[in-house]
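Peer 1: Sequence and predicted structure are below.
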2 protein chains.
Amino acid sequence: MKIVIDGMGGDNAPQATVEGACMAVNEYGVEIIITGDEEIINSELKKHNYDKNKISVVHTTEIIENEEKPVQAIRKKKDSSMVVALNMVKDKKADLVISAGSTGALLSGGVFIIKRIKGISRPCICATLPTINGGATMLADTGANVDCDTQNLMDFAFMTDIYAKKVLNEKNPRVALANIGSEEGKGNDLVKKSYELLKEENGINFIGNMETRDILNGVCDIVICDGFVGNIVLKTMEGSVLSLFKKLKEVMMSSTKSKLGALLMKSELKEIKDLLDYTSYGGAPFLGVDGGVIKAHGSSNAKSFKNAINQGIKFHEGKVVEEIKKYVEEKAK
Amino acid sequence: MKIVIDGMGGDNAPQATVEGACMAVNEYGVEIIITGDEEIINSELKKHNYDKNKISVVHTTEIIENEEKPVQAIRKKKDSSMVVALNMVKDKKADLVISAGSTGALLSGGVFIIKRIKGISRPCICATLPTINGGATMLADTGANVDCDTQNLMDFAFMTDIYAKKVLNEKNPRVALANIGSEEGKGNDLVKKSYELLKEENGINFIGNMETRDILNGVCDIVICDGFVGNIVLKTMEGSVLSLFKKLKEVMMSSTKSKLGALLMKSELKEIKDLLDYTSYGGAPFLGVDGGVIKAHGSSNAKSFKNAINQGIKFHEGKVVEEIKKYVEEKAK
């Protein structure tokens, strides 16, 4: 298999993307193409030991920045590291693209360049949330679709279910709807109607509604919602955890006694911080487009970028795209 | 002024409601009516010292439980402590009702018994969120309306603005829309359209979109959203903080060293926990009905119930209902 990497995307690119690629080649023996400024990428590559036959560079002259309007950026910057990488997947020159660059641009590119799988109403992006028991919960959609209908939510549920089974090796993932109450009949119009539809489905293990207060407690494996709500959940959670740690640090430095206390608990506090650091979970798959697209976290370091590549390998080996096409065929029957 | 209290509502009723009422009488000299089982309420009252002329009891025979369907409960249990209290506000026998009982039932009762102020599209419930800098942010709606249109959101913004000015003494509250990005043009259809409308309003200090990751950082005074999203934000925040403290406790107990560290930091950790304990912020006003309705937190103890009563006093003195009616008149011009 061949993976193409957007070498210039992400806060720590190209150092982290190139180093992550070298680590992945050494660890998994995978073949990698890196798009980006040849000179810069090559000078980064020189810093690492790796099998020279496994990494090639495709020269590009443009970079899509986070601040740019996604659709416009994708259309205008045809020689950007991201667009060139996306085109390689479209043209079957690579099996999968991984980028830590602009989420909006990558999603737009997924839809406009690689294109939606026929029969899927909307592709979705799935974040992996760490849980306090050391597990993880998938949340879909987390921002690709801000306005959704029931068919969208059904597709998200089935696609994420396939991903969890094929990539995360979960046998019978528990699927829940994000809601404001756990009882049947709760929620807004979209959620109530989606509940009715999911209840009737035999293909997935639907366990009902989940209150988002339980999101970190690992009560289910997959949480389904529209992209507006999913993004709100993700950011509220992230913000709450960060604010709390900030406050914790502040009070820990407030007196000699508390400083000593903090010192004694240092490794334990770091353990929690690492546990809840969702950037370490590699990338978020963009499901429903006709090729592999993995969004690595913008602040990925080399190790988390390598993790995203590993996720890409499993995505390809698990034939996620083909499985989603099978679901579409079944649905059409 | 006269306040009626649903004596039997809440996890700690009637102990906490009665004690809170006695504290409020002693501290604020306010007149209070308590609805509930006469015998039980009186035996609770006997435990406290207070001005006997200031508290009276209205006997009721039923209690609305949290598990009951709100509308049904309000309709059927006509002699419940909550319905009798709501009727006293409707009949102008009391200025304001405070309940720690079922949120759904109280909101339904507010609409069906006290009734909506004519010209307000939908009443909303506003939670007060503590922020890490020791301040607070109001969030509306947090669950009264799961499906909203732009007019609803406009009404929520204006009503909460009035509340912040009249009850919290904020001179020029900063109003923001809860969104998935801070730039103009972000969000779902509802939020984008509401942004356009709020931008044109001179009556309120609209500062644009707010990403919910900043919710604990105190970047604005009022956050507006539909009730589904608001409830999701509230519960995600609450759940993240609780899960994190749970994990913190777990790792603190994991070794002798960390136990010692935790002991040295005990007061600081409690300080953070107290800071973020939103149950201590008294109650949530239900804005847009033709009378004062304050929902005290279900787990209120006597002190937080007393705080909710204090909030009710300010609500009445600030003439919030009258101010909302003025807003409706202005809007109609």
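Peer 2: All right, it came through fine. Numbers count the residues shown, from 1 in each chain, chains lettered A, B, ... in the order given.
Peer 1: can you count the residues close to residue A:217?
Peer 2: 17 (other Cβ atoms under 10 Å in any protein chain shown). Any C-beta I mention is one placed from the backbone N, CA and C, and that applies to glycine too.
Peer 1: residues in contact with it?
Peer 2: Counting by Cβ atoms under 8 Å, 6 or more residues apart in numbering or on different chains, residue A:217 touches A:131, A:132, A:133, B:239, B:243.
Peer 1: roughly how far apart are the second one and chain B?
Peer 2: Applying Cβ to the nearest Cβ, to the nearest Å, the value for residue A:132 to chain B is 5 Å.
Peer 1: That residue: neighbour count?
Peer 2: Residue A:132 has 19 neighbouring residues, counting by other Cβ under 10 Å.
Peer 1: now residue A:8
Peer 2: Number of residues near residue A:8 (other Cβ under 10 Å) recorded here: 26.
Peer 1: Please tell me how far the closest residue to it other than its chain neighbours sits from chain B.
Peer 2: Spatially, and ignoring its direct neighbours in sequence, residue A:8 is nearest to residue A:81 (4.0 Å; Cβ to Cβ, 6 or more residues apart in numbering or on different chains). Distance from residue A:81 to chain B, counting by Cβ to the nearest Cβ: 23 Å.
Peer 1: Pretty sure residue A:81 sits against residue A:38.
Peer 2: No: taking Cβ atoms under 8 Å as the definition, residue A:81 is not a contact partner of residue A:38, at 10.9 Å.
Peer 1: Tell me which of the two has more neighbours.
Peer 2: More neighbours surround residue A:81 than the other of residue A:81 and residue A:38, with 31 against 15 (other Cβ under 10 Å).
Peer 1: contacting residues for that one?
Peer 2: Applying Cβ under 8 Å, 6+ apart, the residues near residue A:81 are A:6, A:7, A:8, A:9, A:35, A:36, A:60, A:62, A:63, A:64, A:101.
Peer 1: Let's see the pLDDT reported for it.
Peer 2: pLDDT, residue A:81: 98.
Peer 1: How about residue A:279?
Peer 2: 63.
Peer 1: where do the strands sit along the stretch 1-150 of chain A?
Peer 2: Secondary structure of the stretch 1-150 of chain A, counting by DSSP state E, counting those that start in this stretch: strands at A:2-6, A:31-36, A:55-59, A:96-99, A:124-130, A:136-140.
Peer 1: Within the sheet, what are the partner strands of the fifth one, with directions?
Peer 2: Paired strands of strand A:124-130, with direction, are strand A:136-140 (antiparallel), strand A:283-287 (antiparallel) (DSSP bridges).
Peer 1: Put together TSV for the strands of the stretch 1-150 of chain A, with mean pLDDT and mean neighbour count on each row.
Peer 2: Listed next are those as TSV, based on pLDDT from 0 to 100; neighbours: other Cβ atoms under 10 Å in any protein chain shown:
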stretch	mean pLDDT	mean neighbour count
strand A:2-6	98	28
strand A:31-36	98	25
strand A:55-59	98	17
strand A:96-99	98	30
strand A:124-130	93	25
strand A:136-140	94	25
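Peer 1: Out of those, the one nearest residue A:318 is which?
Peer 2: Nearest to residue A:318 among those is strand A:96-99; the distance by Cβ to Cβ comes to 11.5 Å.
Peer 1: residues in contact with the closest one?
Peer 2: With contacts defined as Cβ under 8 Å, 6+ apart, strand A:96-99 is touched by A:1-6, A:9-10, A:82, A:85-86, A:88-89, A:106, A:283, A:291-296, A:305, A:308-309, A:312, A:315-316.
Peer 1: Drop anything exposed from the residues you listed.
Peer 2: Burial by neighbour count, judged by 16 or more other Cβ atoms under 10 Å in any protein chain shown, picks out A:2-6, A:9-10, A:82, A:85-86, A:88-89, A:106, A:283, A:291-296, A:305, A:308-309, A:312, A:315-316 from these.
Peer 1: Least confident secondary structure element in chain A?
Peer 2: helix A:266-275 (a mean of 82; mean pLDDT, DSSP states H and E).
Peer 1: Please state the offset of it from the chain centre?
Peer 2: Offset of helix A:266-275 from its chain centre (Cα atoms, centre = their mean, to the nearest Å): 23 Å.
Peer 1: And stretch A:6-26, by the same measure?
Peer 2: Centroid separation for stretch A:6-26 versus its chain: 16 Å, with Cα atoms, centre = their mean.
Peer 1: likewise stretch A:231-244?
Peer 2: For stretch A:231-244, the distance to the chain centre is 17 Å (Cα atoms, centre = their mean).
Peer 1: and what of stretch A:162-180?
Peer 2: Distance, centroid of stretch A:162-180 to centroid of chain: 15 Å (Cα atoms, centre = their mean).
Peer 1: any chance of the strands paired with strand A:124-130 in JSON lines, with distance to residue B:167 too?
Peer 2: Below are the strands paired with strand A:124-130 laid out as JSON lines (distance: least, Cβ to Cβ, whole Å):
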{"stretch": "strand A:136-140", "distance to residue B:167": "36"}
{"stretch": "strand A:283-287", "distance to residue B:167": "42"}
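Peer 1: who's in contact with the spatially most central residue of chain A?
Peer 2: In chain A, the residue lying closest to the centroid (Cα atoms, centre = their mean) is residue A:284, at 0.7 Å. If you count contacts by Cβ under 8 Å, 6+ apart, residue A:284 has them with A:125, A:126, A:127, A:128, A:142, A:294, A:295, A:297.
Peer 1: now swap in residue A:215 and tell me
Peer 2: Residue A:215 neighbours (Cβ under 8 Å, 6+ apart): A:129, A:137, A:139, A:223, A:233, A:237, B:236, B:239, B:240.
Peer 1: Same list (these) but as a markdown table, adding distance to residue B:197.
Peer 2: Shown next, in a markdown table, are the contacts of residue A:215 (distance: Cβ to Cβ, whole Å):
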| residue | distance to residue B:197 |
| --- | --- |
| A:129 | 34 |
| A:137 | 36 |
| A:139 | 31 |
| A:223 | 32 |
| A:233 | 26 |
| A:237 | 29 |
| B:236 | 27 |
| B:239 | 32 |
| B:240 | 32 |
